[in-house]
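> Just the structure for this:
(chains A and B, ligands or ions: 1)
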Amino acid sequence: MQLTVWTYEGPPHVGAMRIAASMKGVHFVLHAPQGDTYADLLFTMIERRDTRPPVTYTTFQARDLGSDTAEIFKTACREAVERFKPDAVLVGASCTAELIQDNPAGLAAALNLDIPVVPLELPSYQKKENWGAAETFYRLVRAFAPSPAGVVTPRSPGKTCNILGPAALGFRHRDDIVEVTKLVEGLGVAINVVAPLGATVADLARLPQADFNIVLYPEIAGTAADWLKRSHGQPFVAIQPIGALATDAFVDAVAKAAGIAPEAIPTSRSRLPWYSRSVDSTYLTGKRVFIFGDATHAVAAAHIAAKELGFTICGLGTYSREFAREVRAAAAEYGVDPLISDDHLVVEDAITAAQPELVLGTQMERHVAKRLRLPCAVISAPVHVQDFPARYSPQMGQEGANVIFDSWVHPLMMGLEEHLLHMFRDDFEFNDTMQPSHLTQSASPARDESDPAAESPQIEIPETFAWADEAEKELRKIPFFVRGKARRNTEKFATEKGLRIITVEALYDAKAHFSR
Amino acid sequence: MNAPFNPHAPVIARAASERGPANPLRQRGQHEVFCGLTSIIWLHRKMQDAFFLIVGSRTCAHLMQSAAGVMIFAEPRFATAVIDERDLAGMADVHDELDKVVARLLARRPEIRMLVLVGSCPSEVIKLDLAKAAERQGQLHGPAVRFLHYSGSGIETTFTQGEDNFLTSLVKELPAEPVGARQSLIVAGAMADVVEDQFRRIFDALGMGHVSFLPPRNSTALPHVGPNTRLLLAQPFLGETTKALDARGAKHLLAPFPLGEEGTTAWLKAAADAFGVDPGRFAAITGPGRARARTAVERYRPALQDKRVFFFPDSQLEPSLARFLHRETGMDIVEIGTPFLHRHHLAGEFELLPEHVFVSEGQDVDKQLDRCRTARPDLVVCGMGLANPLEAEGITTKWSIELVFTPIQGYEQAGDLAELFVRPFARRDRLKGIA
Ligand code: SF4
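Next up, the predicted model:
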């Protein structure tokens, strides 16, 4: 039993819904109580979808238990097929239905429907949303592109690919797919099928016609791509083109898979490398950044942060336990302890302890950063209505790298501005509530309109010591945007050293101690 | 000339004409409503020292996050103890696990004075005894922290029924009225603080003596109850709470609900009459509020008059809202869909509505959508899962959830309530160039 306020992932049946909602002509009949219909609003409100997701919930009630919940399932399934006339139907159970063990697969089979039925096993008490999405996509691929008889022979390079992974409620998948299409077609490689987003089951049946697969989101398409490799001999490219370097690596890998000579690869780059090298970006050097998200986006963010922006990584983690290995490897590369956890309270503690200057995380970390008054950019699902911006805003490819540069750097103080603030810090016009000019909306720092401060217990080190007047004065001379950190560091130092009075010397000892 | 004989037409016409509260349409199909857990979203804001701990699944936690996520940014006073495989397989003792979760929670939130264990579908299906759990926790952490329990599960409750069950559990905690107590009033059903304060001023001006609100803002301010207690319902979904208060001697004052000028007046009057308030005084005290409410609503009447409104089931407020819109703004009611019809409590509302108004109880959402599309109403009041799809079909909608989160009761809010229904039209009108 785990205490949870916010969750990074929904239950596995929500993952299955995301696949159904991504595709055309697939309907999902979910054995579930009425309250589970809340999941519709993920699509209609967060994604602003203009149709209901293709899901029928049986909505059984307590009084049906033990008598006719199975009958309710059969009626709902039959009527859904009659009404929506899908090409295929998925059947599964939510957490509650799993406990009553009605066996949707068997019940659906007994209906003798004239369309394919793909049964799903979604263990709600073990697995989560991304697993559910991956499993559902895999089940569908397997059902409609069955393994051919005989031995699987590896394929030779060729110029047709499938793009696997983009899905409903994915973080910027809508725009990534446009950017990736540009990259792939720019190489002269044809796209056979994009799935699950926008695909029909007939498209899934055509998957084996491609020479290789591109896995954009391993969390969703990893299982299916592995299976296509084993059963159809289709190799896959598993580099996600997030960031300038990864985009280059992705293009090289696709070219190799397609048998295109390196000389024939067109060169064009994002603005990120130059923007990052230009002198105004000097102030980004060594900024401490804490990164948390799904594995794909967290690892990609770490590489960009370290190698393309010159940040220092002070924390790296993921809630995707299935991909812990990849995150551990990246954490080792950057010399931090990997944080593998789906407990947002643990993540909050880790952020507090790491004292970052920038947080790259999910909406959950955005709230934590707000409480700690840290700048933050969102890099990963779980998604929020803000993660579906009206503008074109990919994370992948060249434009993705541009978007990333802007969205990570804008929350920070601009370079020149930081110096000016430092120079004029004693001017009467400057005070602690001053904010950088481009961040006007947060003029009163971190006080969210809807965030009654009383509700957010501030994480503070208990005061077992006092600040000497001189030290307090010295502290005021430090620019306000690093003062909080200086105070925390000094107090932490004082606690460790058992100091009762913090003097000016202690302040500078602490500074020396923490400077790296 | 006679119309061609159609054996079906008269039957359909008759069935429809005989609709009304006594003969609601009941269809069994997919419900598209929240479960009772969702009431926690306003209950935890209302009671400042209470914490709601759902004992449920990842789905329950995800529901709370999805339904509340857009509204709550701070650390809320609710959480979910997520049951996992180990608990189900018997590898871990569920009660021990719950002890650990509660201990962790109380350590983190020492200000909590009342911890409410909320049952869910999974906890009900595995027959987890939350009464026993609450009692045990009480032994471990009481009396500093009070422990309550109720079910908000989706197999037993929809949306606002969660509040009904919570208040029912709270009734058990109410102290008994002192012997020989003077007549007192309990107003049951959560309302915004600002609305409560307005009503309190009116009750004071009427000289009604001891009036308290349930739930109170603080768990230490529980009203007493007994044979001299009168009960006035501020919300129409409190069937179980009413029964529980009745069992403790309180007498229910039947009235329409305090929406709009007419509803508010009738509601206040029911209380005033029970407390023997002089009619002249009642008229004098309520007069200014009534006038303000009428003026405020009148302003919106031209935008709503003769427009046709269709309600999908959501909060059980639908009949009261329909009555307000029909009587005070001149809207036509196409269908009142409601998850559960409390005929007795709503009798006062239906008296003010056309006799054969189309009422449906429960839901088959697909069939209801068919009816809605056929009827082409001017406005549909529905939940968040349906609103955007209907808008995309060209149908103007009002999210029902706003009606439970916005202060709408009482004289001073009557205009705001009307405005909530005007806004979708006004918005459409402003945006007609991009339709
Ligand atoms: S319907 Fe049941 S399982 Fe679903 S969220 Fe509500 S209580 Fe939890």
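> When you work out contacts or count neighbours from here on, use the C-alpha atoms and nothing else.
OK.
> now the closest residue to B:Q316 other than its chain neighbours, which residues is it bridged with?
Nearest residue to B:Q316 in three dimensions, chain neighbours excluded: B:T338, at 5.4 Å (C-alpha to C-alpha, 6 or more residues apart in numbering or on different chains). With DSSP bridges as the criterion, B:T338 is bridged to B:E361.
> contacting residues around B:T338?
Shown in contact with B:T338 (C-alpha atoms under 8 Å, 6 or more residues apart in numbering or on different chains): B:311-319, B:359-362.
> ok, for residue 170, nearest residue in space, not its chain neighbours?
You didn't pick a chain, so chain A it is. A:A381 (6.7 Å).
> sorry, should have said chain B
B:L148 (7.4 Å).
> quick one: what helix or strand has that neighbour in it?
strand B:146-151 (DSSP states H and E).
> Could you measure from A:V189 over to A:G259?
Distance, A:V189 to A:G259, by C-alpha to C-alpha, to the nearest Å: 10 Å.
> for A:W131, same thing?
33 Å.
> What count of nearby residues applies to the closest residue to the ligand within chain A?
Going by C-alpha to the nearest ligand atom, the ligand is nearest to A:G35 of chain A, at 3.4 Å. Close neighbours of A:G35, defined as other C-alpha atoms under 10 Å in any protein chain shown, add up to 29.
> do B:P143 as well
11.
> Could you check the pLDDT of it?
Looking at B:P143, its pLDDT reads 90.
> Which positions in the stretch 51-200 of chain B make contact with the ligand?
B:59-60, B:63, B:120-121, B:153-154 (C-alpha under 6 Å from any ligand atom).
> run the last query once more with 8 Å
B:56-64, B:119-122, B:152-155 (C-alpha under 8 Å from any ligand atom).
> Let me see the contact set for B:D87.
Counting by C-alpha under 8 Å, 6+ apart, B:D87 has contacts A:1, B:93-94.
> hang on, the earlier thing: among the contacts of B:T338, which lie within helices?
Using DSSP state H, the subset of the contacts of B:T338 located in helices is B:318-319.
> want to throw the contacts of B:T338 into TSV with neighbour count and pLDDT?
Converted to TSV, the contacts of B:T338 look like this (neighbours: other C-alpha atoms under 10 Å in any protein chain shown; pLDDT from 0 to 100):
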residue	neighbour count	pLDDT
B:F311	27	98
B:F312	27	97
B:P313	28	96
B:D314	27	95
B:S315	25	95
B:Q316	24	96
B:L317	25	97
B:E318	25	97
B:P319	25	97
B:V359	24	96
B:S360	26	96
B:E361	21	95
B:G362	23	93
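> I'd like the contacts of B:T338 laid out as CSV, including distance to A:K85.
Converted to CSV, the contacts of B:T338 look like this (distance: C-alpha to C-alpha, whole Å):
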residue, distance to A:K85
B:F311, 28
B:F312, 25
B:P313, 26
B:D314, 28
B:S315, 32
B:Q316, 33
B:L317, 35
B:E318, 33
B:P319, 35
B:V359, 30
B:S360, 27
B:E361, 28
B:G362, 25
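> ok, so of the contacts of B:T338, who is nearest A:V299?
Nearest to A:V299 out of the contacts of B:T338 is B:D314 (C-alpha to C-alpha; 43.0 Å).
> doesn't B:V33 make contact with the closest one?
Yes - counting by C-alpha atoms under 8 Å, B:D314 touches B:V33, with 5.9 Å between them.
> Now the common contact residues for those two.
Going by C-alpha under 8 Å, 6+ apart, residues that sit against B:D314 and also against B:V33 are B:159, B:339, B:383.
> In ChimeraX, how would I select just the buried ones from the residues you listed?
A single ChimeraX command selects the buried members of these (16 or more other C-alpha atoms under 10 Å in any protein chain shown):
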select /B:159,339,383
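> from the shared contacts of B:D314 and B:V33, which is closest to A:E308?
B:G383 (45.3 Å).
> before we move on, what SS does the residue in the stretch 101-250 of chain B that chain A sits nearest to have?
Proximity of the stretch 101-250 of chain B to chain A (C-alpha to the nearest C-alpha) peaks at B:I155, 4.1 Å away. Following DSSP: H, G, I helix; E, B strand; the rest coil, we place B:I155 in the coil state.
> I appreciate the help and will end here.
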